[in-house]
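Q: Give me a model of this one.
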Amino acid sequence: MLGADDGIVSVASIAIGVIATGAARNAVFVAALAALTAGAMSMAAGEYVSVSSQRDTELGDLAQERDELDRDPAGESRELAGIYRQRGLSPELASQVAAALMAADPLAAHARDELGLSETTRARPLQAGLSSAASFILGGTLPLVAFVAAPTSLATAAVIVSAITALVILGIAGARAGGAPLLRAALRVGVGGTLAIAVTAGVGRLFGSATG
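A: Residues are numbered from 1 along each chain as shown. Next up, the predicted model:
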């Protein structure tokens, strides 16, 4: 959802900014398309690098845990039992559970219960990068399509209205999913998106007048 918000605001702002310079319709389309492409690639690369760093940390923690298990399996079993006691198990039951898990797969047990790592939560850099790019494209395509579909006289209004409407809808959807106040979320993303578009339009008009 955040990636879609970024796509909407970025592409809509650049489109309106270039429109404000008085540029031809084709130039506006090319600029907006370039913003969509560059933004998606930036999101993908940034997320890939970030999650790759997280994955490297996870692998380092697992390597350290594997070494500790090799050097002191009994101590690691006691450590695991201590974790289960903190979670409410009796000392006897905690020791039994720790012993059973250590016999089955000690590294998996420590990864899950000591480090908080599991197969479902492990970092996936490629998946994260592709998801970020896809969400940005989905969001950024909306104002671009609105610009292409609208006649020249209504292009500015179409981009602004489609962008702000989509932002408000996403804000409400996010608030509903997270149990947050709907109106506050809608106002936050709506005002933020409007401000971004207005500032970019002002810059476009300023530099368009200076170079015109």
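
Q: Now do the contacts for the residue lying farthest from the centre of the chain.
A: Computed with C-alpha atoms, centre = their mean, the residue of the chain farthest from its C-alpha average is Glu92, at 43.8 Å. Under the criterion of C-beta atoms under 8 Å, 6 or more residues apart in numbering, Glu92 has no contact partners. (Glycine included, C-beta is placed from N, CA and C.)

Q: Tell me the predicted confidence for it.
A: With respect to pLDDT, Glu92 scores 92.

Q: what's the answer for Thr152, then?
A: For Thr152, the pLDDT comes out at 89.

Q: in the protein, which helix or strand is least confident?
A: helix 182-211 (a mean of 86; mean pLDDT, DSSP states H and E).

Q: Which strands or helices does that helix pack on?
A: Secondary structure elements in contact with helix 182-211, counted by 3 or more C-beta pairs under 8 Å, 6 or more residues apart in numbering; DSSP states H and E, are helix 2-20, helix 155-178.

Q: Would you mind giving those helices as CSV with mean neighbour count, distance to Leu101 and mean pLDDT added?
A: CSV is the format used below for those (neighbours: other C-beta atoms under 10 Å; distance: least, C-beta to C-beta, whole Å; pLDDT from 0 to 100):
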stretch, mean neighbour count, distance to Leu101, mean pLDDT
helix 2-20, 25, 37, 92
helix 155-178, 18, 34, 90
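
Q: nearest to Ile197, of those?
A: Set against Ile197 and scored by C-beta to C-beta, the helices and strands packed on helix 182-211 come closest in helix 2-20, at 5.0 Å.

Q: Where does Ala180 sit: helix, strand or coil?
A: Secondary structure, DSSP: H, G, I helix; E, B strand; the rest coil: Ala180 is coil.

Q: Cool, thanks, signing off.
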